[in-house]
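Student: Return a 3D structure for these sequence lines:
(chains A, B, C and D)
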Protein chains: 2
Amino acid sequence: MRRMTARPANAHQARLLRLLRDGGPNSRAQLGDQVDLSRSKLAVEVERLLETGLVVADGLAASRGGRRSHNIRLNPGLRFLGVDIGATSVDVAVTNAELETLGHLNQPMDVREGPVAVFEQVLAMAAKLRASGIAEGFDGAGIGVPGPVRFPEGIPVAPPIMPGWDGFPVREALSQELGCPVMVDNDVNLMAMGEQHAGVARTVADFLCVKIGTGIGCGIVVGGEVYRGTTGSAGDIGHIQAVPDGRPCACGNRGCLEAHFSGAALARDALDAAQQGLSVELASRLETNGGLTAVDVAAAASAGDATALDLIREGGNRTGQVIAGLVSFFNPGLVVIGGGVTGLGHTLLAAIRTQVYRQSLPLATGNLPIVLGELGPTAGVTGAARLISDHLFSPA
Amino acid sequence: MRRMTARPANAHQARLLRLLRDGGPNSRAQLGDQVDLSRSKLAVEVERLLETGLVVADGLAASRGGRRSHNIRLNPGLRFLGVDIGATSVDVAVTNAELETLGHLNQPMDVREGPVAVFEQVLAMAAKLRASGIAEGFDGAGIGVPGPVRFPEGIPVAPPIMPGWDGFPVREALSQELGCPVMVDNDVNLMAMGEQHAGVARTVADFLCVKIGTGIGCGIVVGGEVYRGTTGSAGDIGHIQAVPDGRPCACGNRGCLEAHFSGAALARDALDAAQQGLSVELASRLETNGGLTAVDVAAAASAGDATALDLIREGGNRTGQVIAGLVSFFNPGLVVIGGGVTGLGHTLLAAIRTQVYRQSLPLATGNLPIVLGELGPTAGVTGAARLISDHLFSPA
DNA sequence: CTACTTTCTCCACTCACAGGACAAAGCAGC
DNA sequence: GCTGCTTTGTCCTGTGAGTGGAGAAAGTAG
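Tutor: Down below sits the predicted model:
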C-alpha cells in the first residue's frame, strides 16, 4: 500500500483532522457544530480532504429524525508508529489515525547500548508488528527518549543516562529507516501527551505528569501544550535537592530526589534491607531471583511487608515534598503520577498526597486531584503517536 | 478632553497598535516590513486607525534617499494609569500610550487597612498627578495587588497578607471610580511584564521574575505570556519549604522560604543581631531610627558590616536553593531578581548565583543569566500600564 | 399522502487581500 | 534646470475565502 503523503492545506483542514482524531467518526453536520464555519465552507474543506485521501466517507449513520448523514472518518488505513525508549526497556506500538493501539510490543533493553543497537531492536520490533498484518507501512512515527531533546531538530542533548546518544540525529536517522516523518521528544513529555489524549488529563489545560521510573522526570503542560523549556530540559526534577546533605548522586551533588527515590534507588534500598535482615520477605525474594527490583518491593508491600511499606512511604514523602514545591510554583489543575513505580500504588500515592496537601497553600491544593496515570505502559507510545499526528495534522 | 473609547477592529489593527507601542513612531513603510501585509491593505488599516483617533500622523520624517515618510504614532493624548499596591506602600504612575512614565508617586501605606482606605489613597494620588497637568483623564488603568487574583474578573482570592481584600471586586470598583477600563493582576506578574516591556527581559520568551519584598513571589512568563495557573496562585513560592523543620511561618507550616528570607524576616534577624550586640553598625542604626528594616541591613552591608553581610548571604543561599529547583523544573532563559531587597545588590545576587549554578544541571544553567531587575520601583507600574494596554490593544 | 425534520448541495454576493501601475516626493550628478 | 534613480504612498482590479439563503434529498410521524 502506498503511504499517505498529503497534509492539510490550511488551518481549517488541520482542525477537522484533529476533531476526527479525538472525537472519532462524525457527520458533516456534527463537524459544523464544532468548527464555527458555514456549512457550505465546511463542505468544501471536507470535499478537499476526501480528495487527498486523508479522510473517507463510508456508509450512512442512523437517522436522527431526518435525512441520514454520511459517516466522515479518518482514513482507516493510516498507521502511526509509537516508540518509547526507556532506560531498561523499549515499547513499540502501532496505532490507527484515531490513535487506537492495534499492536504493542515490549522488550527489555539497556539504552546505554547506544543508538545503533537500540535502533536495530526498534526496527526489528516494528517489522514484527508489520508482519503480523496490522500495518503495511507507517505514515509517521513518534519516538521518546529518556533525556532532554532539542525538539525542533529531534536530537538528544547531553542526556545523563544515555551519554552515547548525545547529538545523535534520532529524527533524521529514524526517518531514513522508516521512510516517513518522525518527531522526537522526551519520554516524560510523551507520557503527559498520552494521558492528555486518552487518559486522566483529557479535560485539563494545565497539569503536571510526574514519571517515576529508573529516574524521575516531570511533563509540564501549559494551556494544552507541552512546555519544553529554553534548552529542552524543563521538567528535569530528578536532581532537585530533596535532602540537604543527603546521599551522593551521580550528578555530583548530594541529596538529589533521584538519589533518594527512583526505581534504581528503591532497588538498592531493598537490597540493603534484605542483606541486613530487616525483611524476611525481601530476603527470600533476593534468594529466589538473585537480585531485587522495584517490582519486588511492590510485591513485598502488597504482601504486607513492613520494611517494603516503609521504603515506599519514605520515598513518597520525599517525592511529595518536591511536588509540593512545584504545586505552589505552578498551580496545576491536576497532578498525574506514572512510570514504572505505579505498581507501588496507593501507598505511594497516599504519601505524596499527604505531603502536598500539607505543605502547599490551600488555594493551590483546594481543588487539586493527585492521581495515578490511567494508561500505564501504553501512555508513552500513545503520546508518541499523538506527537506525530499533531505534527502531520497541522498546516503544511 | 473626552477619552478615547475606540478599540482595534481586528487582529491587524491590534498588531499595529502594539508595534507602535513597543517600537515607537514609525512610517507606513516600516510598519509594512514588520506585519507581512501588502502595502495597500496596511494603508487601509492605518487609515481606519487614524479615523478612530487611536493613532495620529504628525509631520514628515527625514528622507532616506526618497520621498519622506509620514510619522505614524499612537495618539500622544492617550494616558494610562499604573497602580502597584505593595504590602507597605503604594506606587501610582501615569504613562502615555508608549508606556513612558510621565509622572510617578510613591506613598507608604499598609495594605491591611483594607480596600476602601487604599482606594481613597490611590484615587487621591491619581488626582494629584492629574492636577499636575500631565493627564486630563485616563484611557485605562492597570493595578497590581500583593496576592493571588482571579484574573478574568479582577478579584483577589484568599490573599494571605491582605485578608480584608478577599473577594473585593477591585476591577469593577476602580473602573467605576475612574470611568475607564481596568485590569487587575498580581504585583509580581506586573513586575515581570514591566521587565519584559522595558527592562532586562525584552528579548526572552520564557523567564522567571523573583520579587523579594515583604514576601517572596515569582512571575512566570511562558512564550511571552504571563502564566497565572489554574486558580491564579502560580508563582507563590514564598511557602515552599526551604529549611526542613525550620522556623514557624504565618501559614502554619515550618521552614517556608518566606519565614527565612524576605524583607520582614531580614528586619527581624537584624533586630535580633543588634540586640545581641553582634553588630555595632546595626545597633547604632537601631538606636537612631528606633527600628530596623531591610534598608538598614543594606546600608550596614555596604558599610562593610560582617553581620549584615552574613544575613544577606544566608538569605541568598536559601533563596538560591529554591530557585535552583525552579530552574531545573522550568528551564528558563533568564532569571530576574527584583523587589524591595534589590538594594542588597550583588552580595545577594552572588549567593543566589552560587547556589543555582552549583545545584542545577549544566544544560539548564549553561546559558542562564541571573540578573537584577533594571526598572526598580517603576517595574510594577510599567507592567500595570502594559497590562491594560495589552487589553485595550486587542480586538474588541 | 401530508407536514415536518435533518442533511447536504448549489449559487450569488460580500469582503479581505495581493500585487501591479502609478503618482508624489526626494536625492545626486551633470 | 534636467535626467535618472530611490523611497513612499495611493489607486485599482483580480482572486479567492467565506457567508447565507434557497432548495433538493432523504428521512420520520401521523
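Student: what are the ranges of the helices in chain A?
Tutor: A:11-23, A:28-35, A:39-52, A:115-129, A:170-178, A:187-198, A:257-260, A:263-275, A:280-289, A:294-302, A:306-330, A:345-359, A:362-365, A:378-392 (DSSP state H).
Student: Figure out which of these is closest to DNA strand D.
Tutor: helix A:39-52 (3.0 Å; CB to the nearest atom of the strand). Quick note: C-beta positions are derived from backbone N, CA and C, even for glycine.
Student: who does that closest one touch, helix- and strand-wise?
Tutor: The contact analysis (3 or more CB pairs under 8 Å, 6 or more residues apart in numbering or on different chains; DSSP states H and E) places helix A:39-52 against helix A:11-23, helix A:28-35, strand A:55-60.
Student: Just name the most buried of the ones you listed.
Tutor: Per-stretch averages of neighbours, counted by mean count of other CB atoms under 10 Å in any protein chain shown, single out helix A:11-23 among those, with a mean of 19.
Student: Next, find the distance separating whichever residue of chain A sits closest to DNA strand C from residue A:27.
Tutor: As assessed by CB to the nearest atom of the strand, DNA strand C sits closest to residue A:66 within chain A, at 2.1 Å. To residue A:27, residue A:66 is 11 Å away according to CB to CB, to the nearest Å.
Student: Can you pick out the residue with more neighbours from the two?
Tutor: The neighbour comparison of residue A:66 against residue A:27 (other CB atoms under 10 Å in any protein chain shown) goes to residue A:27, with 17 against 7.
Student: Can you give me the neighbour number for the residue nearest to that one when sequence neighbours are not counted?
Tutor: Excluding its sequence neighbours, the residue lying closest to residue A:27 (CB to CB, 6 or more residues apart in numbering or on different chains) is residue A:69, at 3.3 Å. Per other CB under 10 Å, the neighbour tally for residue A:69 reads 17.
Student: can you pull the pLDDT of residue A:1?
Tutor: Looking at residue A:1, its pLDDT is 51.
Student: what's the spacing between the residue lying farthest from the centre of chain A and residue A:41?
Tutor: Ranked by distance from the centre of chain A (CA atoms, centre = their mean), the top residue is residue A:66, with 42.7 Å. Residue A:66 sits 22 Å away from residue A:41, taking CB to CB as the criterion.
Student: just residue A:299 next, same as before
Tutor: 59 Å.
Student: With neighbour numbers in mind, choose between these two.
Tutor: residue A:299 (16 against 12).
Student: got the contact list for the more buried one?
Tutor: By CB atoms under 8 Å, 6 or more residues apart in numbering or on different chains, residue A:299 lies in contact with residue A:285.
Student: returning to that earlier point: quick one: closest of the helices of chain A to residue A:163.
Tutor: Closest of the helices of chain A to residue A:163 is helix A:115-129, at 11.1 Å (criterion: CB to CB).
Student: thinking again about what came up before, could you check how far the residue nearest to residue A:27 is from residue B:190?
Tutor: 51 Å.
Student: give the contact list for residue A:336.
Tutor: So residue A:336 contacts A:192, A:195, A:199, A:200, A:201, A:207, A:208, A:209, A:210, A:371, A:372, A:373 (CB under 8 Å, 6+ apart).
Student: how about CSV for those, with pLDDT added?
Tutor: Converted to CSV, the contacts of residue A:336 look like this (pLDDT from 0 to 100):
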residue, pLDDT
A:192, 98
A:195, 98
A:199, 95
A:200, 97
A:201, 97
A:207, 98
A:208, 98
A:209, 98
A:210, 97
A:371, 96
A:372, 94
A:373, 95
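Student: Please flag which of those sit within strands.
Tutor: A:207, A:208, A:209, A:210, A:371, A:372 (DSSP state E).
Student: among the residues you listed, who's most crowded?
Tutor: Of those, with other CB under 10 Å as the count, residue A:209 tops at 33 neighbours.
Student: Can you name the residues in contact with stretch A:193-208?
Tutor: With CB under 8 Å, 6+ apart, stretch A:193-208 has contacts from A:22, A:99, A:192, A:209, A:218-224, A:226, A:323, A:326-327, A:330-336, A:338, A:371, A:373-375, A:378-384, A:386-387, B:227, B:229-230.
Student: Residue numbers of the stretch 51-200 of chain A in contact with chain B?
Tutor: Proximity of the stretch 51-200 of chain A to chain B, by CB under 8 Å from any CB of the partner chain, involves residues A:148, A:157, A:158, A:160.
Student: which two in these are spaced the farthest apart?
Tutor: A:157 and A:160 (10.8 Å).
Student: Find residues that contact each of the two.
Tutor: With CB under 8 Å, 6+ apart as the test, residue A:157 and residue A:160 both reach residue A:147.
Student: Look at those two and report which has more neighbours.
Tutor: residue A:160 (19 against 16).
Student: Distance check, that one against residue A:214.
Tutor: Taking CB to CB, one finds residue A:160 at 11 Å from residue A:214.
Student: next one: residue A:157
Tutor: 19 Å.
Student: And for residue A:310?
Tutor: Distance from residue A:310 to residue A:214, by CB to CB: 22 Å.
Student: ok, those two, which is more surrounded?
Tutor: Shown here are residue A:310 and residue A:214; by other CB under 10 Å, residue A:214 has more neighbours (23 against 16).
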